[in-house]
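Participant: let me see the structure of the following:
(chains A, B and C)
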Amino acid sequence: MRSLFSLCLFLLAAVVSAVSTSGNRLLVILDDVADKANYSKFLADLEGRGFQLSFETPKSESLTLFHLGERTYDHVIFFPIKTKGLGPNLTPNILVDFLNAKGNILLAISSGIATPNSLVSLLAELDIQLPADRTGLVVDHFNYDASSAPEKHDVLLLPPPGRLRPDIKDFFGAGAGSNEVLAFSRGVGAVLGTGELLTPILRAPRTAYSYNPKEQAEVVDDLFAAGEQLALVTAFQARNSARLTLLGSAEMLQDTWFDAEVTKPSATGGRKAKTFNREFAKRVSGWTFNEIGVLRVNWIEHRLDEPGNSASNETNPKIYRIKNNVKYTISLSEYAWTNWEPFTLPSDDDALQLEFSMLSPFHRLELTPETARSTPESTAYTVHFRLPDQHGIFNFKVNYKRPFLSNVEEKNTVSVRHMAHDEWPRSFAISGAWPWIAGIGVTVAGWLAFCAVWMYSAPPLTDKGETKKTQ
Amino acid sequence: MRPPQLFAPALLLLAASFAHAAWDFDDGSISVVAKQSGDSIKEKQVALLNPKAPLSKPVSLGSTSTLKLSLTAKDNGKGKRPHQAFLVLQEQESGLKAPFPLTVKENGKAAAQISQKDIPIQLLNAAKPLKASIVLASFGSSEGFNAPVFNVKIEADPAVPLSAYERPLRYGKKPEIHHIFRPDPKSPPKVVSLFFALAVVATLPALFIGWIFLGANLNHLSKAIGAAPLSHATFFGSIVAMEFVFFMYYTSWNLFQTLPVIGAVAVITLLSGTKALGEVQRRRLAGER
Amino acid sequence: MSADPLHALASAGKAKSTRSVLRVVILALIAGAAIASRLFSVIRFESIIHEFDPWFNFRATKYLVAHGFYKFWDWFDDRTWHPLGRVTGGTLYPGLMVTSGVIYHALRALTIPVDIRNICVLLAPGFSGLTAIAAYLLTNEMTTSNSAGLLAAAFMGIAPGYISRSVAGSYDNEAIAIFLLVFTFYLWIKALKQGSMLWGALCALFYGYMVASWGGYAFITCLLPLHAFVLICMGRYSTRLYVSYTTWYALGTLASMQIPFVGFLPVKTSEHMPALGIFGFLQLLAFLDYVRSAIPSRQFQTFLWVFAGGSFGLGLAALAIATSAGFIAPWSGRFYSLWDTGYAKIHIPIIASVSEHQPTAWPAFFFDLNMLIWLFPVGVYLCFQELADQHVFIVVYALFGSYFAGVMVRLMLTLTPVVCVAAAIAVSTLLDIYLTAKSPKPVEGQPADGGDGAAKKAVKSGLKSTSKPLIGVYGLYSKVAIVGALTVYLLLFVLHCTWVTSNAYSSPSVVLASRLPDGSQHIIDDYREAYQWLRQNTREDAKIMSWWDYGYQIGGMADRPTLVDNNTWNNTHIATVGKAMSSREEVSYPIMRQHEVDYVLVVFGGLLGYSGDDINKFLWMVRIAEGIWPDEVSERAFFTPRGEYRVDGDATETMKNSLMYKMSYYNYNKLFPPGQAMDRMRGVRLPEVGPSLSTIEEAFTSENWIIRIYKVKDLDNLGRDHASAAAFDRGHKKKKATKKRGPRLLRVD
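Facilitator: Sure thing, here's the model as predicted:
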């Protein structure tokens, strides 16, 4: 079933020549279709990667995300929209349904334009909090572009993001030159809840803060958030691996900031630098639209691994016995822009783990790559272990969920039965049983001898025997 | 951990703060006011702050105390109100930071009050003292000020249990688990088993010897065979055969193979047994047994 | 003699062969009647398995027939007790299934293709015919009267106390166990009377069959040693007793140990110790008997006392030590509850929660046994009169059977055979006395007076007690009156039995019948409707959580894995379900997730006024859960401050928030005009606003709302908790995250 499904996916991918693993129908929602000129490079990049772009405004009657219960688009980009509401076709519930139907959303907001209520509600459901009254501006008096915002300090210059944690793959900042910075222009920062589905892609520098330019122009009395608690670009991946990215600054995607030149403030040397925005935009959109960081389970196999027991070498049996030795293998691929590649762990600190669990895990073991069964497209991870001495209904569970990687949650249920009556060691193999076996043998021999003596014995000549017999 | 380049601006800033127009402060002081059981006793701890070097001794903040900070922010030596005037508490191990905006007046006089309930729970649970720095910066070209000024030690109140901090779930590797198997059943040493097995076997000769001592013999075998050759042979044979069937059941047969054979052997035993035992009875009646 | 016309008739029956033929015909007719009287449910409803446990037996039989004996023996059932599974082959009494399997294969070998279901449905009636014959044989051992056996067979065939467990479709262990019980007793008496190894071995064989069939075998295990012990105490030790008892014990114990479920219990548990003790005691007696023949009697007296006392004391001490050291399991809780009827309620609520484990109400004796209950003491008294070894057995059996039947409703079943036997002896003695046409012969010149009921006494010889006094009733009127009255009683008995069988014991309880106002029958088939829904609309491995009562039915009819079922071996697992049912949704949900529950099934009788619903059983769930988690579940919290168990608006918050309450009354108020919702079972008006559910959603509700099935939701896709996700779906916007209550939390990555 799974292999068939992945085959279908593969065929689909081949036919439509989409580069994303989940379709290429991309809806771009703009306030005004004419605005797309501002983003021409970004959109051209997307088209160049194989997406079919449709442009709509929220006012459009024909705009609908679902048709007869099926998604009409695979991905949606929201550019900043001035209207307060988004109309009946883009209510928060529809957007949540879109995510639940595995649609992906890239949400670009801007400080100058208040975010529509519908999107604020959607973000609130994801536990992402925007500044009050839908207005906020992130400034940093220490890291700003001295050439474009020497006074206002609202164009932040940030180093491309590194690894968030040592065990997480660096999708967004890897390979950036030392003199390349991200220009985060007139953006909004968000505060993230503590949930595990949210991951900040880009956090504000330690000295940055968010304020309300209308009410707090003079003094910041009520601080929304500052420093690293302020997320500038946020990734959200739902349990079904649908992705939503909140990009705090839509201007980041504009042509003006692609390959622009910026100046670091004089305190930090005042050096000129190039922006990394174009590559960053590509990576962020690529991640959101399932072009990178997508894992695929090619196949799963578990089988008996008893020495010299080739007869019962059935693949994926439904039932095992306690204390059986088994081997579990899972084949994983990772999609990288255009093709599937063998999946490798992001770092040595990470591990692909197999749980063998009933109510709670009995085993949690690390899987190791098995080169013999890996292909140029996939890596086979395998582990050998002995089933616990407890019968029950167990699950082989690979629950590999990592930030920025699509979720792998594979559960294969097997029954582990007790020892059958004829699977125990025979009694003669147990040394403790020898006296008892000897007892049985002696009884049998004694019984046969007794029969013979009783039937064929002549009366003894002594009187003693005579009396005993007659008694 | 953060890549080190982020520290660079702060360091550079310190180095360059005297060269350009820059933010600074003076008249900085902190005091800790402890309230204990009503307002009767007030305890004060005062320290003056130096923008260039942090206080060497940490300030301790009890569960009912309030930390008060006051300073005068200055842009290039003149008292002025900066847009950003924060006191930032930082947990030293994880680097988590919590900013507290200062209330600043036009002339740059700034103040803040912090008590334990304002401090995020992770920082309250910190093992080491918190590092407090002051950030003063504003729009325009003046360089901001950002430097550590003192350390705060959070004194937990032993009477009030600290609200425990539970680390939120983060996807990542989990500790390995290996099932601990029950130990296999043990047999006594083979020597002991063997000894007792031999002891059991030894009873058989003992039994035979006892019988012989009591006068057991097989002298009537020929007589019995002569009287009823077929039935005696079959009867004794069937008894042996029955034991053999049991042996086969023990070693290889299953129940459905065994039961028919047992049935067949039992019938033979019954038929031949009546005749054979009849012969034995005749001998007994004849007084030959 | 020949002048009497009755004798002319009787002489026809004098010929031995004619009598035998008559007896066989009568027995066959009795067996036929026994079978026929158990078919009400098949005729009225259909050929269907009844109640709860039979569904498991039926399922196990199907497995046996499909997979063969050895697979059945090693059967690991992964569709019950999820996720623990059940080592079914090793935890059941296979006798019933194997019997059906053998019958099935035998019929197929005879090219009679019969559906296994029909064999299972009709097995109990079939064996009840055999029970009647066994009762005949047992009674014949007690008395010389020919009619007693036939009467006993007839009583046994139609006594409601036995019918209650053996109607067609009641495919339970008792169906064959009662036959085995009676037959084993018959063989025991036979062996004891003859001192025969052959009969002893046969007795052991049937005892083994009994062990393979029913947990109640312990009754035999304790009764036979008790009988032997009483005989010894009466000074009736004999080689007959020795031979029959030792043969039975040795072979029977070996046979019982072949059953995987029993295994080493016969040498390890206290319930089996009396049998072992008597076995040892008999060896001692035999030895003493030998010694007595060898040494002079005066020395023997001292020897006897020292030896017997010493060994008995030693044996007791050894037993006590072995019990405290754990080699012998102490008496089980179930056993204690036989002595103290309040024990189970305090210590093992799970046993007390079963209705058939309750003490018997007095009317039940009359209901189940009718006139036999007053004939029973008469029969026991008559046994006292003669008091041969076999009569002692009846007396002992009667005493114990009565006690146990009084303690537990279910054990009425073991009392019934002895009641039938004793009553038959009583009735036949009465009939023998009053139905004899002849007058006694004058003895030694004492003329028998044909007067009106005057008792005539034989002259006391004063020497022998063996000569019986000549007592009799010889008047025609009194004879007619007594016999007539007895006939009326017997006829009434038949009427009563038929009425009870038809009205009380023939409901399958899977299908409910009710009468419409016009008198026609209306079938309420909610159970099967719901199980069919499960079968057709859920994944094959969808786990169903319900209270354990319905586990076997779900397994049998819906073919879906269940968390707990009627095989209540794991109290903790049942308590887990009880906790999930009696806790708030937020507490229940992680439990259900952990156990991979897909659907939750509850039985709700509020609409129909059906009393066997889960709200009525709810307190047992609470109690059982409280037994394991006293801190988290409290029975007190389900009662109002005034100590009432309420479900209406005054119910406690704990009650209203419990999952069971919510599932029962979810959406129920929508059936009624606003504010008019009524629970017809408990006769109370429900609050206007019904409960709301967030972690589960309604999946199915049967026609009469008896069964309600809920689906457990998956974790929210966006990581919200279910309550807020449900609120969002209802259109409530999330409140602006107000300033956090409590200390602030920073996000850590």
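
Participant: for residue B:83, give me its contacts.
Facilitator: Residues near residue B:83 by CB atoms under 8 Å, 6 or more residues apart in numbering or on different chains: A:141, A:211, A:218-220, B:137-139. C-betas here are computed from N, CA, C, even on glycine.

Participant: return only those of those residues found close to chain C.
Facilitator: Residues of these in contact with chain C (CB under 8 Å from any CB of the partner chain): none.

Participant: show the average pLDDT along the host helix or strand of residue C:499.
Facilitator: Using DSSP states H and E, residue C:499 maps to helix C:476-503. Averaged over helix C:476-503, pLDDT sits at 89.

Participant: show me what that helix is packed up against.
Facilitator: On a contact count with 3 or more CB pairs under 8 Å, 6 or more residues apart in numbering or on different chains; DSSP states H and E, helix C:476-503 meets helix C:146-158, helix C:160-163, helix C:412-435.

Participant: what about that helix, distance to the chain center?
Facilitator: With CA atoms, centre = their mean, to the nearest Å as the basis, helix C:476-503 stands 29 Å off its chain's centre.

Participant: just the angle between that helix and helix C:146-158, please?
Facilitator: 20 degrees (axes from the mean of the first three to the mean of the last three CA atoms, to 10 degrees).

Participant: residue ranges in chain A under the pLDDT threshold?
Facilitator: Where chain A drops to pLDDT under 70, the residues are A:1-18, A:134, A:308-312, A:460-471.

Participant: give me that answer again for 80
Facilitator: Within chain A, the stretches with pLDDT under 80 are A:1-19, A:132-135, A:149-150, A:176-178, A:216-222, A:265-270, A:307-313, A:459-471.

Participant: continuing past the helix holding residue C:499, what's the next helix or strand?
Facilitator: As assigned by DSSP H and E, the chain's next helix or strand after helix C:476-503 is strand C:512-515.

Participant: which positions within that next one qualify as buried?
Facilitator: residue C:512 (16 or more other CB atoms under 10 Å in any protein chain shown).

Participant: out of the helices and strands packed on helix C:476-503, nearest to chain B?
Facilitator: helix C:146-158 (29.9 Å; CB to the nearest CB).

Participant: for residue 109, give me its contacts.
Facilitator: Reading this off chain A. Neighbouring residues of residue A:109 by CB under 8 Å, 6+ apart: A:78, A:80, A:115, A:119, A:130, A:187-188, A:246-250.

Participant: chain B was what I was after
Facilitator: Contacts of residue B:109 by CB under 8 Å, 6+ apart are B:70-73, B:79.

Participant: and which of the residues you listed is nearest chain A?
Facilitator: Nearest to chain A, judged by CB to the nearest CB, of the contacts of residue B:109 is residue B:73 at 11.6 Å.

Participant: assumed that closest one was part of a helix.
Facilitator: No - Residue B:73: not assigned to a helix; according to DSSP: H, G, I helix; E, B strand; the rest coil it is strand.

Participant: what sits against it?
Facilitator: Shown in contact with residue B:73 (CB under 8 Å, 6+ apart): B:23-25, B:79-82, B:85, B:104, B:108-110, B:136.

Participant: repeat that for residue C:637.
Facilitator: Residue C:637 makes contact with C:652, C:654-655, according to CB under 8 Å, 6+ apart.

Participant: what's residue A:247 sitting at in phi/psi?
Facilitator: Per-residue torsions, residue A:247: phi -110, psi 110 (degrees, to the nearest 10).

Participant: so what's it closest to, chain neighbours aside?
Facilitator: Closest residue to residue A:247 apart from its sequence neighbours, by CB to CB, 6 or more residues apart in numbering or on different chains: residue A:108 at 4.4 Å.

Participant: quick one: that neighbour and residue A:234 touch, right?
Facilitator: No - taking CB atoms under 8 Å as the definition, residue A:108 is not a contact partner of residue A:234, at 11.8 Å.

Participant: how much space separates the residue in the stretch 301-450 of chain C positioned nearest to chain A from residue B:212?
Facilitator: Residue of the stretch 301-450 of chain C nearest chain A, by CB to the nearest CB: residue C:327 (17.2 Å). Using CB to CB, to the nearest Å, residue C:327 is found at 40 Å from residue B:212.

Participant: what of residue B:114?
Facilitator: In this structure, residue B:114 and residue B:212 are 106 Å apart, going by CB to CB.

Participant: which SS state does residue B:44 fall under?
Facilitator: At residue B:44 the chain is in strand, as set by three-state DSSP.

Participant: enumerate every residue touching the closest residue to it other than its chain neighbours.
Facilitator: Nearest residue to residue B:44, sequence neighbours excluded (CB to CB, 6+ apart): residue B:31, at 5.6 Å. Residues counted as contacts of residue B:31 (CB under 8 Å, 6+ apart) are B:44-47, B:67-68.

Participant: do that again at 6 Å, thanks
Facilitator: Residues in contact with residue B:31 (CB atoms under 6 Å, 6 or more residues apart in numbering or on different chains) are B:44, B:46, B:68.

Participant: also residue B:147?
Facilitator: Contacts of residue B:147 (CB under 6 Å, 6+ apart): residue B:133.

Participant: partner strands of the host helix or strand of it and their direction?
Facilitator: According to DSSP H and E, residue B:147 maps onto strand B:145-154. Paired strands of strand B:145-154, with direction, are strand B:59-61 (parallel), strand B:130-137 (antiparallel) (DSSP bridges).

Participant: which of those strands sits closest to residue A:381?
Facilitator: strand B:130-137 (43.0 Å; CB to CB).

Participant: give me the contacts around that closest one.
Facilitator: When contacts are defined by CB under 6 Å, 6+ apart, strand B:130-137 is touched by residues A:141, A:207, B:23, B:73, B:82, B:84-90, B:92, B:123, B:144-152.

Participant: need the contact list for residue 237.
Facilitator: If you meant another chain, say so; for now it's chain A. Residues in contact with residue A:237, defined by CB under 6 Å, 6+ apart, are A:197, A:243.

Participant: my bad, chain C
Facilitator: Residue C:237 sits in contact with residue C:285, where contact means CB under 6 Å, 6+ apart.
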